[in-house]
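1. Below: sequence and its predicted model.
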Amino acid sequence: MALNVEVDRSGLDPSRWQVKRIYYNGHLFQNLSHFEHSYTSDPSIRLRDHTDYQANSLFSTFLRRNNSRTRKRDRRPEPVQVNPGGHRFGVDGNHVSYMDWEFRYLVQAVNGLQLFDIRFDGHRIAYEISLQELFATYSGADPALAGITFFDSANMLGLQYFELVPGVDCPHSSVRLDVVQFSAGIPIFHSKNAICIFEWNTQLPLKRHYANNWDGTYDYYGGHSDTVLVVRTVAAVANYDYVIDYMFHLNGVVEVRTAATGYIWSSPYNAADKKYGHRLRDNLVGTLHTHLFNFKIDLDINGEENCFETLDIAMDPDTAAPFDPAEQIPQMSFTRNLRRTESDALISYNFDQPKYLLFYNRQVNNAYGIPRAYRLQGAPYGKLLLPENAGKDPAVSWARHQVVVTKRKDTESRSSSIYAFNNFDDPVINFTKFYADNEAIEQQDLVAWVTLGFHHLPHTEDLPTTSTVGTKANFMLLPYNYFDEDPSMVDNNLVYIEFDYDTMKPIIYTYADRGNSMCFNNTDLDQYDGTYFPND
């Protein structure tokens, strides 16, 4: 906004409120009279006409540009995903099942979609995984940008889910579910097809190996396609659209992925904005801002009683070579670091101190005495660059650390509040109090609070809207010595090809009923040879 008005709202009587100062197009005016006089007498301070936008009616729209230009082969239909044998997952009420996975979902007005009782092969991995807050804070010379902050749960995320478009937001073959919410002061909120569930072949092998013999032949090839179940919502909160995916891999991995798209929060350009953002149009600036996503993970690894341990990776202080102790061989090693209290479980990411984050029940080990654990991994972790207790920090104190592990309490069910925006200094929920009592966390019911995010300095390619490419963040829960081997080895989508030296032909083993499909040639695997001849 070019025009910003500072209003003194002291007291409860609106008739006593008054306009104090005016900030317009990079100029500060001490009162309304000063602004009115300057505006009428000095045309140089006025905001320039939006001639650029008026001349180009396509600006800021999703309408196709330059209809006379067509990319090569662009008129061919784009690839689509099909399910030749039908869905391999089931939805019964709020219960979802897929291969070894099962869980329940709930759409809550404030937080939006939440998953509960997440199990693999009948064993619970987590009681709850849910988004807690979508947060953005901006920089700029304009008062409308300088430090403006959004706590999007205040907009009631469960009321920001709207109908998803098949073929763009979700595959045509997805199962789409309605969202119905009751909220004070509004009619019943009923959004059709606002959640979609689908199985997705990522087209990246889950695992594979080609056993090369270095003579033009091979011993074998083994591979497995990576198919995942995806539960997707899109929260369209004002100018931004946030895609949240809950993904379930066949090897026991849970992945939660976020992506941001939509319109940047912008302002008319003035020279004072140069250190905050780029000039994107004749009269438009997009300024630096930070997006943060906070999640709650209530873990139950082999029961509710869990420990939190990090495997701390560093250069090995004992670097003597095995054959010659006088020779030094720099190499890495790790040490186990059991985090015993909440204050010891505040994890701030540091490239110089890499670590694995593990959760396990110390009473449940594998045959080698190693805990059957799950590992938490995130990228990119988010960081708010505010000093502690400065500005809005108390209201967003969950972002001081990238991972915080606390003892589960019914009174600590959320890390943020719909009122966070109203009082930065003394927020209704001050997250630091969750660990201020420094309770013991060995063999306790534990919750991990994870913050993902990224800094966004807009550029011209963010017009008309930001792309999801480059704005993704995710965390994963990965089995870590939890199974005796990769549990996806029972899957029918495995392919094993053995080279027969007698016939010099491959023997192909497949386990799935691939059937026939009108969409692709199922005989392409039968054409596989695998040999190569380096002297040709």
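-> Now that the structure is in, tell me what you want to look at.
2. So which bits of stretch 158-177 are buried?
-> Under the neighbour-count criterion of 16 or more other CB atoms under 10 Å, stretch 158-177 has 158-162, 164, 169-171, 173-177 buried. Yep, even glycine has a C-beta here, placed from its N, CA and C like the rest.
3. which among those residues gets closest to Leu284?
-> Among these, Gln160 lies closest to Leu284 (CB to CB), at 25.8 Å.
4. I'd guessed the closest one sits against Asp241; true?
-> No: under the criterion of CB atoms under 8 Å, Gln160 is not in contact with Asp241, lying 9.2 Å apart.
5. Need the overlap of contacts for the two.
-> Counting by CB atoms under 8 Å, 6 or more residues apart in numbering, the shared contacts of Gln160 and Asp241 are Ala235.
6. coming back round to it: what about the buried residues of stretch 158-177, which are in strands?
-> Using DSSP state E, the subset of those located in strands is Val175, Arg176, Leu177.
7. Kindly reformat these as a markdown table and extend each row with pLDDT and distance to Gln132.
-> Listed next are these as a markdown table, based on pLDDT from 0 to 100; distance: CB to CB, whole Å:
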| residue | pLDDT | distance to Gln132 |
| --- | --- | --- |
| Val175 | 97 | 26 |
| Arg176 | 97 | 25 |
| Leu177 | 97 | 22 |
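8. Please tabulate those in TSV, including the columns distance to Pro14.
-> Listed next are these as TSV, based on distance: CB to CB, whole Å:
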residue	distance to Pro14
Val175	50
Arg176	46
Leu177	44
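9. Please flag which of the buried residues of stretch 158-177 sit within helices.
-> Secondary structure from DSSP state H places none of the buried residues of stretch 158-177 in helices.
10. Quickly check those residues for the two that are furthest apart.
-> The most distant members of those, if one measures by CB to CB, are Leu159 and Ser173, lying 27.6 Å apart.
11. who touches His456 in this structure?
-> Ala260, Ile264, Leu288, His289, Thr290, His291, Thr466, Thr471.
12. any idea which of those residues is closest to Glu342?
-> Closest to Glu342, out of all of the contacts of His456 and judged by CB to CB, is Thr290, at 25.8 Å.
13. Doesn't the closest one belong to a strand?
-> Yes: the assignment for Thr290 by DSSP: H, G, I helix; E, B strand; the rest coil puts it in a strand.
14. Span of stretch 147-154 from start to end?
-> 18 Å (CA to CA, to the nearest Å).
15. neighbouring contacts of that stretch?
-> Stretch 147-154 is contacted from outside by 110-111, 132-139, 160, 235, 237-238, 242, 265, 391-392, 395-396, 416-421, using CB under 8 Å, 6+ apart.
16. What residues sit buried inside it?
-> For stretch 147-154, burial by neighbour count (16+ other CB under 10 Å) applies to Ile148, Thr149, Phe150, Phe151, Asp152, Ser153, Ala154.
17. Report the rounded mean pLDDT for that stretch.
-> Average pLDDT, stretch 147-154: 91.
18. any idea which residue sits dead centre in the protein?
-> Thr258 (2.5 Å; CA atoms, centre = their mean).
19. Show me what that one bridges to in the sheet.
-> Counting by DSSP bridges, Thr258 is bridged to Ile244, Ala473.
20. who's in contact with it?
-> Tyr242, Val243, Ile244, Asp245, Phe293, Leu452, Lys472, Ala473, Asn474.
21. Look at it and report its pLDDT.
-> The model's pLDDT for Thr258 equals 97.
22. ditto for the one 5 residues further on
-> The model reports Tyr263 with a pLDDT of 95.
23. How many residues are close by it?
-> For Tyr263, the count of nearby residues is 16 (other CB atoms under 10 Å).
24. you'd agree it is up against Leu280?
-> No: checked against CB under 8 Å, the pair Tyr263 and Leu280 is beyond contact range at 11.7 Å.
25. one step back: pick the one among the buried residues of stretch 158-177 closest to Gly382.
-> Closest to Gly382, out of all of the buried residues of stretch 158-177 and judged by CB to CB, is Gln160, at 20.6 Å.
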